[in-house]
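Participant: Below are the sequence and a predicted model; questions follow.
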Amino acid sequence: MRWQGRSRRKYTGGRFHFHRKKKQHEAGRPAADTTVGVERRKKIRTSGGGEKMRLLRCEFANVADPRSGATRKAKIISVKDNPANPFFARRNITTKGALIETEAGDAIVTSRPGQDGIVNAKLL
C-alpha cells in the first residue's frame, strides 16, 4: 500500500510510535509515469468527489515561446533529461521539470501530466 501519512521517524531521528493503524484516506495511488506515445488518459475520482485526469501516454505538448508569446501544439520526439529521476529519461517518462525534445525545439515541462492530464511546456 502506498501510504501518505506521517513518517515513522521524528525529525530528531527517533522512532515515532503510532497509536492507530493506517487509514484509507491516507492511502496514495501509483504514479502515472506518463510516457511518449499515442495518447491515453484515465479519469480518477478524488476525495470530495472531484476528478483528476491521469495522462498515461502523450504524443503532443502545448509549447509556449517566451519571446513571441505564442503557444502552439508540437509533437514530442523524446525526453532528453528528467531531474526527478535519471532513469525516467531512458524510459521516456515525462514529469514536471523534464526536458523534452519537440518539433519546435527543446522545452521544459511546466504542467504535471500525471495530475493535470495535459503537457504544457516552455521553449528554452
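Facilitator: Nice, I can see it.
Participant: Any figure for the gap between the residue of the chain most remote from its centre and Arg9?
Facilitator: Centroid-distance maximum for the chain: His19 at 33.5 Å, with C-alpha atoms, centre = their mean. According to C-beta to C-beta, to the nearest Å, His19 stands 16 Å off from Arg9. No exception for glycine: its C-beta is placed from N, CA and C like everyone else's.
Participant: Same check on Arg2?
Facilitator: Distance check for Arg2 against Arg9: by C-beta to C-beta, it reads 18 Å.
Participant: for Glu26, same thing?
Facilitator: Taken as C-beta to C-beta, the span from Glu26 to Arg9 is 17 Å.
Participant: try Asp33
Facilitator: Note on Asp33: its distance to Arg9, by C-beta to C-beta, is 28 Å.
Participant: Same check on Gly97?
Facilitator: Gly97 is 27 Å from Arg9, by C-beta to C-beta.
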